[in-house]
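Novice: build me a structure from this.
(2 chains, ligands or ions: 1)
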Amino acid sequence: MRGSPVTLEPPGPEPTGLGRFGEFGGRFVPETLVPALIDLEHNFREAWASEVFRAELTELLTSYAGRPTPVTECHRLSERLGLRVLLKREDLTHTGSHKINNVLGQALLTRRMQKQRVIAETGAGQHGVATATVAALFGLDCVVFMGAVDVERQALNVFRMQSLGADVVPVTSGSATLKDAINEALRDWVATVDTTHYCIGSVVGPHPYPWMVREFQRVVGDEAREQCRAILGTDPDLVVACVGGGSNAIGTFAGFLDTSARLVGVEAGGHGLESGQHGASVSRGVPGVLHGSRSLFLQDEDGQILEAHSISAGLDYPGVGPEHAELAATGRAEYAFATDDEAVAGFQLLSVTEGIVPALEPAHAIGWLARESGRAVPAGSTVLVTLSGRGDKDVALIAERLTGERL
Amino acid sequence: MTISLEAHLRARREAGHKLLVPYVTGGLGDDWLDVLHAVADAGADAVEIGIPFSDPVMDGVTIQEASRRALERGATPAGIVAEIASDDFEVPLAVMTYTNPVAHMGFRRFAAALAGAGISGAIVPDLPLDELDGWGDAADDAGVETVLLAAPPTPDDRLRAICERSHGFVYGVTLMGVTGERDHLASQAHEMGERCKAVTDKPVLLGLGISNPEQAVEASRFADGVIVGSALVSRVLKGGGPDAAHEFVRELRVALDQSTQPTR
Ligand SMILES: Cc1ncc(COP(=O)(O)O)c(C=O)c1O
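Specialist: Residues are numbered from 1 along each chain as shown, chains lettered A, B, ... in the order given. Next comes the predicted model:
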């Protein structure tokens, strides 16, 4: 069902002091960037308190991004799993994922700060596509950094970004995936901060990014809560979302933090947690500092950051946003994982039962739910899953995996 | 015995020298300690030793590559510190690394390890003034001098606080960007040096992008001296070894010394 047009809820709780969520967060960046981050925080604070800014963002979310997105009740999937499953349909937004919510907010801020250039990093390409889209809409110059490995496996999205007028820069350093794309974006930003806004794609990075991106994504959870209440008459028992950096999960959780719903973030289990090849930074990470904040990261015994592994480029990140680290520490949210195989199974299951082809990222949430129904998820539970994006970008990859042939 | 970075640099400055602090990537090649000795012998006033980190966001391609090679060789923070501990140096040493390796070992353990190895100071570029608490206290207690960075956009009141809190020297960042060789001295270098000098009596060194003797001389006109990293590391990366490092630092030293001679 489709709710009434979005009106943004008042701002949510702020992190304390220097952008801390408990002992996580902060602003661990070279001095060169500190003044710009202070300026960004100031601008965001002012904008977020401004009726005019919020009305403008609401208008864009409604008329351009297609909000509110519906919540779909999944009858056939529910029957299969012995649960009552609702999907929050971020796959139906313009550009096909939740990333657009955050990017529209940051684009408005970019204009407010009178900057003419945006840079972004991208893993799966969804955030890059969203940024390139909005840059075109606002007439901004746009450069997207993308790991060379991801450029390879997400060729479709690379072409989409280029078609939108963005310059895609393949990053070959390190593991040539998302974490290295962030490093490269930060290096660019250090040199161009006067004229450039760094449009970070998840709830990671130095303060104010984890807070700001969560605020821009909370529209997902705020809408979903109202929609669940209309459908179920109450809150769901369980709220599930996949976790890369964690933006769709935190945006979803934000709407349910003060309810009694169980919150579960599903990380990339890759080849299994014992294999060491995964992206389960809450389950297997330890506290550390990377990309400007203190959070949980996969690292070796010397504090060198490890490469993550996931079948989905969007979850292939060895860390997680600081607010998730804090939610895990306090126990308010639980973090689980689904392996590559389980994600592929989730992809197939949702496709054939509901006619909805999910992106590989939220396919992890579906895969986890399928594995745990009747176990960690008691039979008959009501479950909201955020379907963070659609699967067009991944069909070629899945086809190759299942048939051994390139489309 | 550990030599105080600040006391040593002040003494050299008072004796009329422009200060020269080269940067060497720790663990880069089997002869990296020889490189360290070579630059000290060639007239460095102190040496910065990079402890490689997997994700060096403040570094450009040269130091990224050096870090990568060192890590591939098996360099570790503890290993580098231990190798230094087993050797003897005539000049004060400072390590330069990122927050994560430091935090991973634990602030107090890391500070104690540095002190135990005779290392005088530490530069942690992604640990700005506001985040300094845990490390700053641990370093102070262990007698390790924490050098802070000041950058072109740093406002005046913050610059004053940074200079106040910095120990050893103040690291004036000459440009908006990451480490790496440049064709020209950045236009901001002049102002950066003068702004720092105006608020502190501590030695002020300019660094980032200083690539040759002419640039070193020019930059040191606005400050007490210079830090030279990528231009030196690239000579080592190209296989020049300790000899090339010695020769380059010697050239820098001679140029700086000539620049301070009274003109007749
Ligand atoms: C569809 C989709 N879902 C989820 C993610 C993971 O990001 P986050 O955890 O920030 O939502 C991505 C990232 O690219 C994505 O494209």
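
Novice: list the contacts of A:Ala65.
Specialist: Going by C-beta atoms under 8 Å, 6 or more residues apart in numbering or on different chains, A:Ala65 touches A:93-95, A:100-101, A:104. In short, each C-beta sits where N, CA and C put it, glycine included.

Novice: give me the longest helix you can find in the chain.
Specialist: You didn't say which chain, so I picked chain A. Criterion DSSP state H: the longest helix present in chain A is helix A:209-232.

Novice: actually chain B
Specialist: Under DSSP H, chain B gives helix B:241-260 as its longest helix.

Novice: and the helices in the stretch 151-264 of chain B?
Specialist: Using DSSP state H, counting those that start in this stretch, the helices of the stretch 151-264 of chain B run over B:156-165, B:189-199, B:213-220, B:230-237, B:241-260.

Novice: only the buried residues of the first one, if you could.
Specialist: Same thing as helix B:156-165. For helix B:156-165, the neighbour count (16 or more other C-beta atoms under 10 Å in any protein chain shown) marks B:158-163 as buried.

Novice: what pLDDT is listed against the closest residue to A:Ala396 other than its chain neighbours?
Specialist: Distances taken as C-beta to C-beta, 6 or more residues apart in numbering or on different chains put A:Leu407 closest to A:Ala396, at 4.7 Å, once the chain neighbours are dropped. For A:Leu407, the pLDDT comes out at 77.

Novice: separation between A:Leu407 and B:Gly106?
Specialist: A:Leu407 sits at a distance of 51 Å from B:Gly106 (criterion: C-beta to C-beta, to the nearest Å).

Novice: higher neighbour count, these two?
Specialist: Remark: of A:Leu407 and B:Gly106, B:Gly106 carries more neighbours, 13 against 9, as counted by other C-beta atoms under 10 Å in any protein chain shown.

Novice: tell me the pLDDT at that one?
Specialist: 97.

Novice: tell me where the chain has strands.
Specialist: Reading this off chain A. Applying DSSP state E to chain A gives strands spanning A:20-21, A:24-25, A:71-74, A:84-89, A:117-122, A:141-147, A:167-171, A:196-198, A:238-242, A:262-270, A:286-290, A:293-297, A:333-339, A:382-387.

Novice: looking at chain B here, not the other one
Specialist: Going by DSSP E, chain B shows strands at B:19-25, B:47-50, B:93-96, B:121-123, B:145-150, B:170-173, B:204-207, B:225-228.

Novice: and the third one, how far from the chain's centre?
Specialist: When you say that, I think you mean strand B:93-96. Put simply, strand B:93-96 sits 6 Å off its chain's centre (C-alpha atoms, centre = their mean, to the nearest Å).

Novice: not including adjacent chain positions, what is the nearest residue to the residue in the stretch 51-200 of chain A positioned nearest to the ligand?
Specialist: Closest to the ligand within the stretch 51-200 of chain A is A:Gln126: 3.3 Å, counting by C-beta to the nearest ligand atom. Using C-beta to C-beta, 6+ apart and skipping the chain neighbours, the partner closest in space to A:Gln126 is A:Ser97 (4.3 Å).

Novice: now swap in B:Pro213 and tell me
Specialist: Using C-beta to C-beta, 6+ apart, the nearest residue to B:Pro213 is B:Ala255, at 3.5 Å.

Novice: now swap in B:Ile51 and tell me
Specialist: B:Ile51's closest residue in space is B:Thr97 (C-beta to C-beta, 6+ apart), at 3.7 Å.

Novice: list the contacts for the one you found?
Specialist: Here B:Thr97 is in contact with B:50-53, B:77, B:122-124 (C-beta under 8 Å, 6+ apart).

Novice: let's have the residues you listed in JSON lines, adding distance to the ligand and pLDDT.
Specialist: As requested, the contacts of B:Thr97 are exported to JSON lines (distance: C-beta to the nearest ligand atom, whole Å; pLDDT from 0 to 100):
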{"residue": "B:Gly50", "distance to the ligand": "32", "pLDDT": "98"}
{"residue": "B:Ile51", "distance to the ligand": "31", "pLDDT": "98"}
{"residue": "B:Pro52", "distance to the ligand": "29", "pLDDT": "98"}
{"residue": "B:Phe53", "distance to the ligand": "24", "pLDDT": "98"}
{"residue": "B:Pro77", "distance to the ligand": "30", "pLDDT": "98"}
{"residue": "B:Ala122", "distance to the ligand": "34", "pLDDT": "98"}
{"residue": "B:Ile123", "distance to the ligand": "33", "pLDDT": "98"}
{"residue": "B:Val124", "distance to the ligand": "28", "pLDDT": "98"}
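
Novice: one step back: what about the residue nearest to B:Pro213, neighbour count?
Specialist: For B:Ala255, using other C-beta under 10 Å, the count is 18.

Novice: how much space between it and chain A?
Specialist: Separation of B:Ala255 from chain A (C-beta to the nearest C-beta, to the nearest Å) stands at 27 Å.

Novice: the residue nearest to A:Gln126 touches A:Arg89, doesn't it?
Specialist: No - taking contacts as C-beta atoms under 8 Å, A:Ser97 lies outside contact range of A:Arg89: 10.9 Å.
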